[in-house]
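Student: here is my input; please provide its structure:
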Amino acid sequence: MANADVWGTNGPIGLPRPRSAPATAAIDASVVPDLDRLVAAVRRLTDAEFAAFLLTHEDHTVPLATDLVEHTTHQERADVDEQAGFATLVIDLDQYLPGADQVLNIPDFLTYDGVRDGPLGRYYPAITNLLRLPLQVDGAHLGELILANKPSEEGFTSEDQELAGAFAESAAAALGQVNVFRRERRAQQWIRAALETTRVLLGGEDRTEALRLVVRKIREVAGATYACAVLLDPDSPQRAVYFEGIDGLGLERFDGMPVSLQGLAAKTLMTGQATVSEDITHEEGYNPPPEVADDLAVLGPGMYVPLAVSGEVLGVIVVGWERGSPVDRVGPDEVALVEMFAGQAALALQHFQAKGLVLEDRARIGRDLRDVVIERLFAIGTRLEDTADLANKPEVRQRIDEALSAIDQTTRGVRAAIFQLRNPTLPDDRPTSEHLRDELDHARSLLGFTPRLVVKGPLDHRLSISLRRDLVRAIRKSVTDAAIYSRPSGIEVEVSLDEDQLRLTITDDGVDRTAFAGRDACRDLLTRVAQLGGSAVVRRVEPVGTRVTWQVPLTP
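Tutor: Residues are numbered from 1 along each chain as shown. Below you'll find the model as predicted:
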């Protein structure tokens, strides 16, 4: 044998190299030296010319360890290329042999069915006899031990079979243990990542940054090409969705962008059931948003996993691997781990929602105490003071003074309660201007520059949490829209606050986009501002650019 060619009855058999990537992904490399020693020992003890441990991984068979006698030189073993060539020959032959999970002994290959007049003839005389034993652990078929070409008319004897069986059991036990360790190590990686992200989600991180961390961790641990979260927009009456934390394939520019609810994302949100496919782009009903469809065409294996908690689906985690990557298929263990991770993220999302409701309640209670209770106490106190001036009897005036003192104490207590409500030890209690700066800093990844922020009025002291959230969302949607359609070199964001109105003006110097005012992003912006009792206008700016004006009342 030379140059890895294997000779059959009609000349050299040209076969492709065996695929090694799946083996690398499926087995720990630390076990390979032990298998090399085992395969060399069993070949010598049975006097075979060739021996190999073959690993069955998904729908592939790959050689883990081989040993081949070299007859034409003084070296003990054939070189790597010759061993690989013969291993490929054996793997190719093995697909025609029956019962991979059964012992098979072929003493004389020439007399075996299909050799003289059938397709197996091409393997003779390269293979003269063969012994195959399964590698099994707890009923699971892991691979095979194959011995070939014993220089004996009898082929492999029962003693050879018994001896080889002992080696096969040892190899199977080693492979089984490695598989257990691999699964445990993989599960530990997912659990560590889930715990880390859950700590971040529950420990005071901004919700948007926390979700970006979730998506990034999923992609890292899964070794995926692409991952993102698709979340329902709670303020959209059309149940629109938006990308959050999109990571991979250069699609980060779409982070925070609203998209239509369609395809597998819509199916997953509706049913709460995961969709897993070896070829996700050809899965029935795939249909991703058109903005990312072309970029996602490179994906092969993929999954859509619901972010579900207490029967409510909050969104979808999408994970995909590039077609032709070492991850040839998504195993059931991996799916279960991603679902576990998604469940943790969903719990954290629910926590954020509950925290948002608490903050809204605190803000509302604070406003009620300030605008209603304190004003009434002040009015009562004023009337009592006027009454005290009219009182002639000292005991009447004393009682009124005591009542005024009690009202003053009550007012101080209410003011202290308002202060505590407006300054809770929660992460969202940062000033509004900080939230705006964070949002514009993040916009740099979309624009290549940071928009200029101008604030007019006591923004940090008079804006409710719910209105602040709407303001940040309006800025995000407008800036994202400008980044995608206007391609500006500069953007100015001006926020002004007067006695009863909040006004947002976003001006860019890019392409005029007033003709696109009917798109989903603008339509959602107009719908939401109308719900708040305000208005929004998109106008052209001379000589170039677009100006979005958004204004809402401070109280509905």
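Student: do you have the helices of the stretch 51-200 of the chain handy? List them.
Tutor: 80-94, 158-202 (DSSP state H, counting those that start in this stretch).
Student: I meant the stretch 251-400 of the chain, not that one.
Tutor: Listed in chain order, the helices of the stretch 251-400 of the chain (DSSP H, counting those that start in this stretch) span 263-271, 290-296, 332-368, 375-390, 394-422.
Student: name the residues that touch the second one?
Tutor: Right, helix 290-296. Y226, L249, G250, L251, F254, M257, V259, T281, P288, G320 (C-beta atoms under 8 Å, 6 or more residues apart in numbering). No exception for glycine: its C-beta is placed from N, CA and C like everyone else's.
Student: take the residues you listed and, keeping just the buried ones, write it as a ChimeraX select command.
Tutor: A single ChimeraX command selects the buried members of the contacts of helix 290-296 (16 or more other C-beta atoms under 10 Å):
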select :226,249,251,254,257,259,281,288,320
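Student: out of the contacts of helix 290-296, which comes closest to L120?
Tutor: T281 (38.7 Å; C-beta to C-beta).
Student: ok, so what distance separates the residue nearest to the closest one when sequence neighbours are not counted from D255?
Tutor: Nearest-residue entry for T281: L299, 5.5 Å, with adjacent residues in sequence omitted and distances by C-beta to C-beta, 6 or more residues apart in numbering. According to C-beta to C-beta, to the nearest Å, L299 and D255 sit 19 Å apart.
Student: with E291 instead?
Tutor: To D255, E291 is 12 Å away according to C-beta to C-beta.
Student: more neighbours, the two?
Tutor: The neighbour count for E291 versus D255, taken as other C-beta atoms under 10 Å, is higher for D255 (24 against 15).
Student: which stretches of the stretch 101-250 of the chain have low pLDDT?
Tutor: 114-119, 179, 182-183, 186-187, 194, 197-198, 200-207, 234-240 (pLDDT under 70).
Student: do that again at 90, thanks
Tutor: 101-158, 160-250 (pLDDT under 90).
Student: what about the nearest residue to V537 once chain neighbours are set aside, which SS state?
Tutor: Leaving aside its chain neighbours, V537 sits nearest to T549 (4.9 Å; criterion: C-beta to C-beta, 6+ apart). Secondary structure, DSSP: H, G, I helix; E, B strand; the rest coil: T549 is strand.
Student: contact partners for T549?
Tutor: So T549 contacts R503, L504, T505, A536, V537, R539 (C-beta under 8 Å, 6+ apart).
Student: gap between it and R43?
Tutor: Counting by C-beta to C-beta - T549 and R43 are separated by 82 Å.
Student: now S535
Tutor: Taking C-beta to C-beta, one finds S535 at 84 Å from R43.
Student: likewise A482?
Tutor: Distance from A482 to R43, by C-beta to C-beta: 69 Å.
Student: and what of D279?
Tutor: 40 Å.
Student: and G302, by the same measure?
Tutor: From G302 to R43 the distance is 43 Å (C-beta to C-beta).
Student: higher neighbour count, these two?
Tutor: Set side by side, G302 and R43 show more neighbours around G302, with 27 against 24, by other C-beta under 10 Å.
Student: leaving out chain neighbours, which residue sits closest to that one?
Tutor: I280 (3.1 Å).
Student: and that neighbour, what pLDDT?
Tutor: In this model, I280 is scored at 85, pLDDT.
Student: tally of neighbours for it?
Tutor: I280 has 24 neighbouring residues, counting by other C-beta under 10 Å.
Student: thinking L471 is in contact with V495, fair?
Tutor: Yes. If you go by C-beta atoms under 8 Å, L471 and V495 touch, sitting 7.0 Å apart.
Student: shared neighbours, the two?
Tutor: Looking at what touches both L471 and V495 (by C-beta under 8 Å, 6+ apart), the common residues are L436, L502, L504.
Student: want to throw the residues you listed into TSV with pLDDT?
Tutor: Output for the shared contacts of L471 and V495, formatted as TSV (pLDDT from 0 to 100):
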residue	pLDDT
L436	86
L502	93
L504	94
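Student: looking at those, state which has the most neighbours.
Tutor: Neighbour counts for the shared contacts of L471 and V495 peak at L502, which has 26 neighbours (criterion: other C-beta under 10 Å).
Student: now do the buried residues in whichever helix or strand it is part of.
Tutor: For L502, the host element (DSSP states H and E) is strand 501-508. Using 16+ other C-beta under 10 Å as the test for burial, strand 501-508 gives L502, R503, L504, T505, I506, T507, D508.
Student: got the contact list for the closest residue to G248 other than its chain neighbours?
Tutor: Of all residues not flanking G248 in the chain, Y226 sits nearest, at 3.8 Å (C-beta to C-beta, 6+ apart). With contacts defined as C-beta under 8 Å, 6+ apart, Y226 is in contact with R219, D247, G248, L249, L251, L296, L299, V318, V319, G320.
Student: ok, the residues you listed vs T208, which is closest?
Tutor: For those, the nearest to T208 is D247 (13.3 Å; C-beta to C-beta).
Student: what about that closest one, neighbour count?
Tutor: 21.
Student: that one contacts A222, correct?
Tutor: No. Under the criterion of C-beta under 8 Å, D247 makes no contact with A222, lying 11.3 Å away.
Student: common neighbours of the two, please.
Tutor: If you check D247 and A222 against C-beta under 8 Å, 6+ apart, no residue is contacted by both.
Student: is it true that D460 touches P431?
Tutor: Yes. D460 lies in contact with P431 (C-beta under 8 Å); the separation is 3.8 Å.
Student: quick one: which of the helices of the stretch 51-200 of the chain is nearest P451?
Tutor: helix 158-202 (26.9 Å).
Student: and the chain, what are its domain boundaries?
Tutor: Taking automatic domain parsing as the reference, the chain has its domains at 6-181, 204-344, 355-427, 431-553.
Student: what about R437, neighbour count?
Tutor: So R437, with other C-beta under 10 Å, has 15 neighbours.
Student: now it. Nearest residue, chain neighbours left out?
Tutor: Once flanking residues are discounted, R437 sits nearest to L453: 6.4 Å by C-beta to C-beta, 6+ apart.
Student: ok, L337 - how many residues close by?
Tutor: 22.
Student: same check, this time on the one 3 residues further on
Tutor: Taking other C-beta under 10 Å as the criterion, the count of residues near M340 is 15.
Student: quick one, what contacts the closest residue to D512 other than its chain neighbours?
Tutor: Residue nearest to D512 in three dimensions, not counting chain neighbours: R540, with 5.0 Å by C-beta to C-beta, 6+ apart. R540 is in contact with D512, T514, T546, R547, counting by C-beta under 8 Å, 6+ apart.
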